[in-house]
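J.: missing the sequence, but the structure's below:
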């Protein structure tokens, strides 16, 4: 049965809608992309992402209107393979890598992807956060053995970074997730502080700033230092830090920060540490940057009900838009109900308001995987 194209309006959730369309095999049409803007149509990084999708799929057809304000996307099969992609300097490598992580496990073969550009810019997910905070989430769904290697670090505005990511695990469908119990306390805090083309002392100052804030947790804290030198340091000076708070059950919360012009390293470390404590204080099992991937993988699971506990502030407008897109794409609905804290042992402690999200998987099966 041939479905009519699903029609979306505007540039919001551009990457997510293309990912959902690719997984569902549905043709979509996106209209009025920045039609009221002084610079209407697709941006360079959105066109670059479309080209990346073409590189890892076979049979994909993309039609872009003359003004760039309308596209029609007909997805093909995910084949993966060995790909090199040059990312524009307007966005970080994480902008392109984050959605690819949702597609690669459902391809025909392993994905060996080399990407060049800005490795951390402060608003797209940095490569360290992807490695230390997103990979553990994918492990919960049975997607294993991911490898991300930072060959060169690249800071804005000139970039010059390079990473290689190897995603060998191809599976038919993700495992069902059952994580609707009270989130365990944080057991340890890890992190990576990095610098490019600045004094190596900057990294130690970032670590000192972060430790001064995290001392109140009483948790074991270890922040690695990585000073990029010579050709490995990209083309622009910069520094930043990625922090991860881990629980004994393998869930983690994350925050990161990158220094801007004229900022001192201590402030960057303190900001990242406070952002991490804020993520932890929300409760639940996932950070805001992990929530969309968790929901999509839960929807793709077998026809069983999966559950996950999230903090109230994690369910924001972008999550609501995602749930609407999921219903439009697969016709499945998600149930969100308040978490009953009366089942907890420590009734004296008033924790954050949390929700249990229940999802019945659509029984997605990877049609691209080679038949053994």
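T.: All right, it came through fine. Note that the structure is a prediction, hence the values are computed from the model and not measured.
J.: Give me the secondary structure label for residue 208.
T.: Assigned with DSSP: H, G, I helix; E, B strand; the rest coil, residue 208 falls in the helix class.
J.: That one: neighbour count?
T.: As a burial measure, residue 208 scores 15 neighbours (other Cβ atoms under 10 Å). No exception for glycine: its C-beta is placed from N, CA and C like everyone else's.
J.: And the helices in the stretch 101-250 of the chain?
T.: 127-129, 135-140, 201-214 (DSSP state H, counting those that start in this stretch).
J.: Just checking the distance from the second one to the centre of its chain.
T.: So the one you mean is helix 135-140. Offset of helix 135-140 from its chain centre (Cα atoms, centre = their mean, to the nearest Å): 11 Å.
J.: packing partners for it?
T.: Secondary-structure packing of helix 135-140 (3 or more Cβ pairs under 8 Å, 6 or more residues apart in numbering; DSSP states H and E): helix 288-299.
J.: Report the buried residues of the helix it packs on.
T.: For helix 288-299, the neighbour count (16 or more other Cβ atoms under 10 Å) marks 288-299 as buried.
J.: quick one: low-confidence parts of the stretch 1-150 of the chain?
T.: For the stretch 1-150 of the chain, the stretches flagged by pLDDT under 70 are 1-2.
J.: which residues of it fall in strands?
T.: With DSSP state E, counting those that start in this stretch, the ranges of strands along the stretch 1-150 of the chain come out as 6-9, 28-31, 57-58, 61-64, 71-74, 77-78, 81-86, 111-117, 147-152.
J.: Each with direction, which strands does the first one pair with?
T.: Here the strand partners of strand 6-9, with direction, are listed using DSSP bridges: strand 28-31 (parallel).
J.: residues in contact with the partner strand?
T.: Strand 28-31 is contacted from outside by 5-11, 14, 17-18, 21, 69-73, using Cβ atoms under 8 Å, 6 or more residues apart in numbering.
J.: ok, these vs residue 234, which is closest?
T.: When the contacts of strand 28-31 are compared for distance to residue 234 (Cβ to Cβ), residue 14 wins out at 26.9 Å.
J.: closest to residue 327 out of the strands of the stretch 1-150 of the chain?
T.: Between the strands of the stretch 1-150 of the chain, strand 6-9 lies closest to residue 327; by Cβ to Cβ that is 11.3 Å.
J.: Just put the strands of the stretch 1-150 of the chain in JSON lines and tack on mean neighbour count and distance to residue 334.
T.: Shown next, in JSON lines, are the strands of the stretch 1-150 of the chain (neighbours: other Cβ atoms under 10 Å; distance: least, Cβ to Cβ, whole Å):
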{"stretch": "strand 6-9", "mean neighbour count": "15", "distance to residue 334": "18"}
{"stretch": "strand 28-31", "mean neighbour count": "19", "distance to residue 334": "20"}
{"stretch": "strand 57-58", "mean neighbour count": "16", "distance to residue 334": "27"}
{"stretch": "strand 61-64", "mean neighbour count": "13", "distance to residue 334": "30"}
{"stretch": "strand 71-74", "mean neighbour count": "19", "distance to residue 334": "24"}
{"stretch": "strand 77-78", "mean neighbour count": "22", "distance to residue 334": "24"}
{"stretch": "strand 81-86", "mean neighbour count": "14", "distance to residue 334": "32"}
{"stretch": "strand 111-117", "mean neighbour count": "21", "distance to residue 334": "28"}
{"stretch": "strand 147-152", "mean neighbour count": "16", "distance to residue 334": "30"}
